[in-house]
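Visitor: Quick one: sequence plus predicted model below, questions after.
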Amino acid sequence: QLQLVESGGGLVQPGGSLRLSCAASGLTLDNFAIGWFRQAPGKEREGVSCISSGGSTNYADSVKGRFTISRDNAKNLVYLQMNSLKPEDTAVYYCAGNSHCSNHVFTFASWGQGTQVTVSS
């Protein structure tokens, strides 16, 4: 069974950067698409970015040009590099697995516990 654990969150000033990591155990990442999602207080969970097993990527319009998703299958890790952070990026960030990238959050499984990202001066 695939298990995922997020790390790398924290408090950062507007314009700053963070790199989130999603570490897999139980199964290798090779055959999974991994998505990053976020949920702010009082809001629904939303997709941020996804990387397929073949390395194809997609991004929410709100983060295009600022966030970069990547994967290192040898290390069983997926990263989310977040640059030019804005206060509206504040949320709990989660990673989850799927057979392919999808716009439907409910199709993803093996959710991690999340990591808090706070963008504030």
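Guide: Arrived safely, thanks for sending. If you're wondering where the values come from, they're calculated on a predicted model, not measured in any experiment.
Visitor: So which residue is dead centre in the protein?
Guide: residue 36 (2.5 Å; C-alpha atoms, centre = their mean).
Visitor: List the residues that contact the closest residue to residue 69 other than its chain neighbours.
Guide: Among residues not flanking residue 69 along the chain, residue 49 sits closest, at 4.3 Å (C-beta to C-beta, 6 or more residues apart in numbering). Quick note: C-beta positions are derived from backbone N, CA and C, even for glycine. Going by C-beta atoms under 8 Å, 6 or more residues apart in numbering, residue 49 touches 35-36, 57-60, 63, 67, 69, 80.
Visitor: Among those residues, which ones are in strands?
Guide: Using DSSP state E, the members of the contacts of residue 49 that fall in strands are 35-36, 57-59, 67, 69, 80.
Visitor: Just the buried subset of the residues you listed, please.
Guide: Among those, those buried by neighbour count (16 or more other C-beta atoms under 10 Å) are 35-36, 59, 67, 69, 80.
Visitor: Determine which two of the residues you listed are furthest apart.
Guide: For those, the farthest-apart pair by C-beta to C-beta is 35 and 67; their separation is 12.5 Å.
Visitor: Name the residues contacting each of these two.
Guide: Common neighbours of residue 35 and residue 67 (C-beta under 8 Å, 6+ apart) are 48-49.
Visitor: Helices along this structure, start to end?
Guide: For the chain, no helices are identified by DSSP state H.
Visitor: Strands of that one, start to end?
Guide: 3-7, 10-12, 18-25, 33-39, 46-51, 57-59, 67-72, 77-82, 91-98, 115-119.
Visitor: can you redo these as JSON lines with mean pLDDT?
Guide: Listed next are the strands of the chain as JSON lines, based on pLDDT from 0 to 100:
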{"stretch": "strand 3-7", "mean pLDDT": "95"}
{"stretch": "strand 10-12", "mean pLDDT": "98"}
{"stretch": "strand 18-25", "mean pLDDT": "96"}
{"stretch": "strand 33-39", "mean pLDDT": "97"}
{"stretch": "strand 46-51", "mean pLDDT": "97"}
{"stretch": "strand 57-59", "mean pLDDT": "97"}
{"stretch": "strand 67-72", "mean pLDDT": "97"}
{"stretch": "strand 77-82", "mean pLDDT": "98"}
{"stretch": "strand 91-98", "mean pLDDT": "96"}
{"stretch": "strand 115-119", "mean pLDDT": "98"}
